[in-house]
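Novice: Provided below are the primary sequence and the corresponding predicted coordinates.
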Amino acid sequence: MNELTLLGGLGAAAALALLPAAQQRLALSRAKHRSLAGHSKLARRVARGLPYYGFGPERFFDSDGAPAEVAARREAALARLAALFAQRHPRTLAATEAAREGIADLQFTGRYRVPFQYSRLLRERLPVGAFVQATRGVQVQDLDGHWFYDLAGSYGVNLFGQDFYKSCIAEGSARVQALGPVLGSYHPAVLDNVRALRALSGMDEVSFHMSGTEAVMQAVRLARYHTRRKYLVRFCGAYHGWWDDVQPGVGNPVGASHTYTLRDMDERALRVLARRRDIACVLVNPLQALHPNANAPSDAGLLAGRPAPAFDRAAYTDWLRRLREVCSARGIVLILDEVFLGFRLAPGGAQQYFGVRADLVVYGKTLGGGLPVGVVCGPHRLMQRWREDRPADVCLARGTFNAHPYVMGAMQVFLERLATPGVQALYEGLDATWGARAARLNALLEQAGVPVRVGAMSTVWAVGYTQASRYHWMLQYYLRAEGLALSWVGTGRLIFSLDHGEQDFEEVARRFVAACRAMQADGWWWQSQGLTQASIRRSILRELLRR
């Protein structure tokens with residue numbers, strides 16, 4: 001009896017000892033977003049098991065149950081678009097086809113421009129070009145001499161206009177030409193760049209890298225080194241580059257073993273941060289304020305539709321301030337990843353715009369004046385890569401092309417111009433200007449009776465839809481036919497430069513509405529009473545199960 005009592009007591013003690021760990025684990029689970037984007041391991045399993053199937057001509061045009069007359073109208077419309085592109089852009093299409101065999105990136109982007117069920121037939125019947133040869137103002141020119149209004153924004157690089165960056169590169173290259181591509185030593189331009197970056201970031205020290213992904217890697221490594229903790233926290237849907245620990249879900253062959261993906265703008269995430277002792281850093285990409293807890297929108301993911309995003313500056317500012325408080329209290333390094341947005345929201349970046357100071361801030365894209373760059377800025381206590389009392393305990397990070405003279409020259413010109421009154425004036429009333437433009441386009445779209453709306457975070461926009469459809473992704477081709485250039489993700493992200501004047505925007509809006517009207521007239525937005533997002537998802541699930 002005494003032995004049983006003893007065993008029972010030991011069992012109870014063991015259960016009590018394990019209780020805190022179980023509670024922490026439960027809190028962590030609750031802080032993860034319920035979608036697949038919030039559960040990276042599950043997302044990878046689902047992705048590995050997803051079977052391929054593609055629609056041939058017999059299903060491509062009526063996969064939503066449209067009647068034969070509508071399907072025929074759609075097929076004729078696709079043929080017209082194909083003929084138009086072939087007639088307008090023969091050299092551009094020929095160059096793209098010739099390059100595809102040898103460029104793996106082009107093969108990938110071409111395949112995932114639309115949902116995979118439609119991709120094969122669309123690539124065969126409606127190819128699009130990937131080459132451009134010139135820019136002027138807010139336009140880019142293809143190899144056939146046709147000009148497009150640029151809504152791709154060079155993935156965020158193009159903030160002040162193509163002409164601005166062409167001159168930054170030209171002037172910066174001239175400044176360093178006498179030195180050439182000497183590596184290891186520094187060109188004097190580095191001195192000016194460090195002074196300017198310290199002032200902009202409010203930090204003590206700077207570390208140069210060759211890409212935003214590389215700079216984020218260094219920031220995380222420094223945080224782990226100085227806190228002696230392993231885990232990083234990222235928020236659901238956020239993108240911080242393609243390396244393992246910050247891209248733990250679909251697309252990563254090995255996953256991430258020291259990453260927590262938590263809900264953005266959620267009290268449960270703050271509770272996890274406040275209670276755990278293994279978190280080295282929290283990564284924040286302020287672009288997520290446009291679409292919290294969702295992956296970067298892409299036409300390839302338009303299975304049924306998506307609403308236009310709604311940016312709430314006040315709510316996101318409050319979230320960042322509360323996040324700052326808990327990180328400070330727990331000794332967690334708060335890293336602000338400004339690689340994409342850079343200085344798009346304010347001359348001092350997202351720190352100035354949201355009024356929140358990070359522990360480390362990472363820049364890239366536009367900062368290089370048009371050339372590739374990544375930068376980490378931080379206080380000495382976090383930027384130091386060695387321990388005074390342990391000479392062999394160091395944090396290595398170096399790159400052959402870090403502080404490349406030509407990059408430093410272009411950056412020097414960029415930072416000089418960023419400080420000029422003319423460029424500073426571009427930020428005056430920026431939110432009001434672009435908010436009014438988004439509202440104006442939405443009013444035009446509503447008047448046209450088309451199921452399309454836009455959401456804006458300053459000059460970064462995303463397109464949403466007011467009705468369910470399996471064919472929203474077709475809009476990118478109609479926009480191209482109207483002379484609007486998008487990136488390969490399609491309508492999920494439109495990136496304007498600040499040199500879009502009123503006349504430029506009015507022309508973009510006119511063409512945008514014309515594209516929507518044409519797509520509607522061609523039957524792609526046909527509706528039946530039973531066609532809803534839920535019914536479309538059930539239909540796709542049935543297709544998957546049959547395979």
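Specialist: That came through, no problem.

Novice: what are the ranges of the helices in the stretch 401-547 of the chain?
Specialist: Assigned by DSSP state H, counting those that start in this stretch, the helices in the stretch 401-547 of the chain fall at 405-418, 421-425, 430-448, 475-481, 502-521, 533-546.

Novice: If I take the fifth one and helix 430-448, what angle do their directions form?
Specialist: Right, the one you point to is helix 502-521. 30 degrees (axes from the mean of the first three to the mean of the last three Cα atoms, to 10 degrees).

Novice: what packs against helix 502-521?
Specialist: strand 147-150, helix 430-448, helix 475-481, strand 484-485 (3 or more Cβ pairs under 8 Å, 6 or more residues apart in numbering; DSSP states H and E). Quick note: C-beta positions are derived from backbone N, CA and C, even for glycine.

Novice: Contacts for the last one, please.
Specialist: Strand 484-485 is contacted by residues 132, 140, 148-152, 508, 511-512, 515 when judged by Cβ atoms under 8 Å, 6 or more residues apart in numbering.

Novice: One more: the third one?
Specialist: Among residues not part of helix 475-481, those counted as contacts by Cβ under 8 Å, 6+ apart are 81, 84-85, 113, 126, 128, 148, 299, 452, 463, 486, 490-491, 511-512, 515-516, 518-519.

Novice: so is Pro391 in a helix, a strand, or just coil?
Specialist: strand (DSSP: H, G, I helix; E, B strand; the rest coil).

Novice: nope, Val233 is what I was after
Specialist: Per three-state DSSP, Val233 ends up strand.

Novice: so what's it up against?
Specialist: 259-262, 269, 272-273, 279, 281-283, 332.

Novice: Which of those ranks first by neighbour count?
Specialist: The residue in the contacts of Val233 with the most neighbours, by other Cβ atoms under 10 Å, is Ala269 (28 neighbours).

Novice: pretty sure that residue contacts Phe235?
Specialist: Yes - using Cβ atoms under 8 Å, Ala269 is in contact with Phe235, at 7.3 Å.

Novice: For those two, list the residues in contact with both.
Specialist: Common neighbours of Ala269 and Phe235 (Cβ under 8 Å, 6+ apart) are 262-263.

Novice: Under a three-state scheme, what state does Ala256 occupy?
Specialist: When classified by three-state DSSP, Ala256 comes out as coil.

Novice: Distance check, the residue nearest to it when sequence neighbours are not counted against Leu28.
Specialist: Nearest residue to Ala256 in three dimensions, chain neighbours excluded: Pro248, at 3.5 Å (Cβ to Cβ, 6 or more residues apart in numbering). Distance from Pro248 to Leu28, counting by Cβ to Cβ, to the nearest Å: 14 Å.

Novice: and if you look at Arg91?
Specialist: Arg91 sits 55 Å away from Leu28, going by Cβ to Cβ.

Novice: cool, and Val157?
Specialist: Val157 is 37 Å from Leu28, by Cβ to Cβ.

Novice: Which one's more surrounded, those two?
Specialist: The residue with more neighbours, out of Val157 and Leu28, is Val157; 23 against 17, by other Cβ under 10 Å.

Novice: The more buried one reaches Thr366, doesn't it?
Specialist: Yes - taking contacts as Cβ under 8 Å, Val157 lies within contact range of Thr366: 5.2 Å.

Novice: Please give me every residue in contact with the spatially closest residue to Arg357 that is not a sequence neighbour.
Specialist: What sits nearest to Arg357 in space, not counting adjacent residues and going by Cβ to Cβ, 6+ apart, is Gln351, at 6.0 Å. Taking Cβ under 8 Å, 6+ apart, we find Gln351 in contact with 201-202, 336, 338, 357-358, 361.

Novice: try Tyr465
Specialist: Counting by Cβ under 8 Å, 6+ apart, Tyr465 makes contact with 305-308, 451-453, 472.

Novice: Measure how buried the residue nearest to it when sequence neighbours are not counted is and give me the count.
Specialist: Nearest residue to Tyr465, sequence neighbours excluded (Cβ to Cβ, 6+ apart): Gly305, at 4.5 Å. Close neighbours of Gly305, defined as other Cβ under 10 Å, add up to 18.

Novice: And for the one 3 residues further on?
Specialist: The burial count assigned to Ala308 is 20, neighbours taken as other Cβ under 10 Å.

Novice: Name whatever forms a beta bridge with the nearest residue to it once chain neighbours are set aside.
Specialist: Of all residues not flanking Ala308 in the chain, Gly464 sits nearest, at 2.9 Å (Cβ to Cβ, 6+ apart). Note on Gly464: beta-bridge partners by DSSP bridges are Arg453.

Novice: what residues are up against Gly464?
Specialist: Neighbours of Gly464 in contact, by Cβ under 8 Å, 6+ apart: 305-309, 452-455.

Novice: now Ile540: how far from Gln117?
Specialist: 8 Å.

Novice: Just want to know which of those two has more residues nearby.
Specialist: Set side by side, Ile540 and Gln117 show more neighbours around Gln117, with 19 against 16, by other Cβ under 10 Å.

Novice: pretty sure the more buried one is in contact with Gly54, am I right?
Specialist: Yes - the pair Gln117 / Gly54 is scored as a contact, 5.9 Å apart, by Cβ under 8 Å.

Novice: Which residues outside the helix or strand containing Leu78 are in contact with it?
Specialist: Using DSSP states H and E, Leu78 sits in helix 68-88. For helix 68-88, the surrounding residues in contact (Cβ under 8 Å, 6+ apart) are 57, 60-62, 66, 93, 125-129, 144, 146, 471, 477-478, 480-481, 522-524, 526.
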